[in-house]
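[1] Requesting a structural model of the entry that follows:
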Amino acid sequence: MEGTTEQAGNASRGCFMKTKTLVGLAVATALCLTAFASAQVFEQTISLGGLRVTVWFETATANVRKPVVLFSHGFHGCSTQSSFLMEALASEGFLVFAPNHADATCNGGTAQWSDPPPEPFIDPQAWSDSTFLDRAADIDRLIQAISTDPRFRNRVDLSRLALVGHSTGGYTMLGLSGAWASWRLPGVKAVLALSPYDQPFLVHQTLAGLSAPVMYQGGTLDLGITPSLGKPGGGYDQSPPSKYFVVFEGAAHLAWADIGNPATHPDIVAYSVAFLNHYVNGKPAEALLTQPQPGVAVLRYDSELGQSGESPPR
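    Below you'll find the predicted structure:
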């Protein structure tokens, strides 16, 4: 693959290299070959479809067609903001792609923290299907590139496609899953919405258009988003089955990013993997999809597995 940044390793993210010379490449390759002996996941940032995209995949099964996860970062985040989760999904056999959107401020993103969103977050009524349309276009373009690029076209199974997004990335992926009808992508098997900005869909009452199972994740310290998901008539209530709502103890809005509270990461990974494995890969449902684990404050679900209200306080 092309690109100047390669990483191979597990969550420790070993074998980092950055080189533009043949000598540097030779040295870096030797280092990476050493790391591959114990590595489970390979990570690389490349150019794909005219986008800067980070890719994660399991090295042991590089020639097997894999289900695909597309990840959309938060406003002013970037493709690598949630590497802990992307690595975990790759280790489960997903081929994970995360583009830098135009508002990215890290991993090569050129936006500034002072750049405002196209519409204020405090005015969801002003948002429409034209708001962050560029993000939706990025995902469309990425899918087309994956399906035709010789590096990936024979390694992906786009009939098993999951959309994952954090914050504004959650808004993006909900829109693509049918919350904005004009954005709808065909063939989405599941959408994982991590503390998603859902309020535009609430005020416009469009979440009924979701065409794939959804898992909303929130946190007890995520005061700006999670209440909107869980309130009567909120994001969870307006969404059709199959749907899940998980609230993690001690999780604030950045818990889904690498800089967030690491104590919440194992639970985030466990629920994300269980949901995607069930709805994308057709694996039997794990018990945690209907039984809250110790780090879960709230678990609600309405699906073929049954129905539940809020789980009792712990």
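[2] all strands of the stretch 101-250 of the chain, in order?
    156-166, 188-194, 214-219, 243-248 (DSSP state E, counting those that start in this stretch).
[3] so which of those gets nearest residue 292?
    In terms of C-beta to C-beta, the element of these nearest to residue 292 is strand 243-248, at 8.0 Å. Heads up, the C-betas are built off the backbone N, CA and C, glycines and all.
[4] give me the element residue 85 is part of.
    Taking DSSP states H and E as the definition, residue 85 sits inside helix 83-91.
[5] can you check residue 266 too?
    Per DSSP H and E, residue 266 falls inside helix 265-279.
[6] Sheet partners, orientation included, of the very next helix or strand once past the helix holding residue 85?
    Next helix or strand after helix 83-91 toward the C-terminus (DSSP H and E): strand 95-99. Strand 95-99 pairs in its sheet with strand 51-58 (antiparallel), strand 66-72 (parallel), by DSSP bridges.
[7] So which elements touch the following helix or strand past the helix holding residue 266?
    Counting by DSSP H and E, the next helix or strand C-terminal to helix 265-279 is strand 296-303. Judged by 3 or more C-beta pairs under 8 Å, 6 or more residues apart in numbering; DSSP states H and E, strand 296-303 is in contact with strand 243-248, strand 306-308.
[8] Point out the most buried one among the ones you listed.
    Among the helices and strands packed on strand 296-303, ranked by average contacts under mean count of other C-beta atoms under 10 Å, first place goes to strand 243-248 (a mean of 26).
[9] List the neighbouring strands of it plus their orientation.
    strand 214-219 (parallel), strand 296-303 (antiparallel).
[10] Which residues does the shortest one contact?
    Okay, so that is strand 214-219. With C-beta atoms under 8 Å, 6 or more residues apart in numbering as the test, strand 214-219 has contacts from 174, 177, 190-196, 198, 225-226, 229-230, 235-236, 239, 242-253, 255-256, 264, 268, 271-272, 275, 298.
[11] re earlier: which helices and strands sit right next to the helix holding residue 266?
    helix 83-91, strand 156-166, strand 188-194, strand 214-219, strand 243-248.
[12] Let's see that with 7 Å instead.
    Under the contact definition 3 or more C-beta pairs under 7 Å, 6 or more residues apart in numbering; DSSP states H and E, helix 265-279 sits against helix 83-91, strand 188-194, strand 214-219, strand 243-248.
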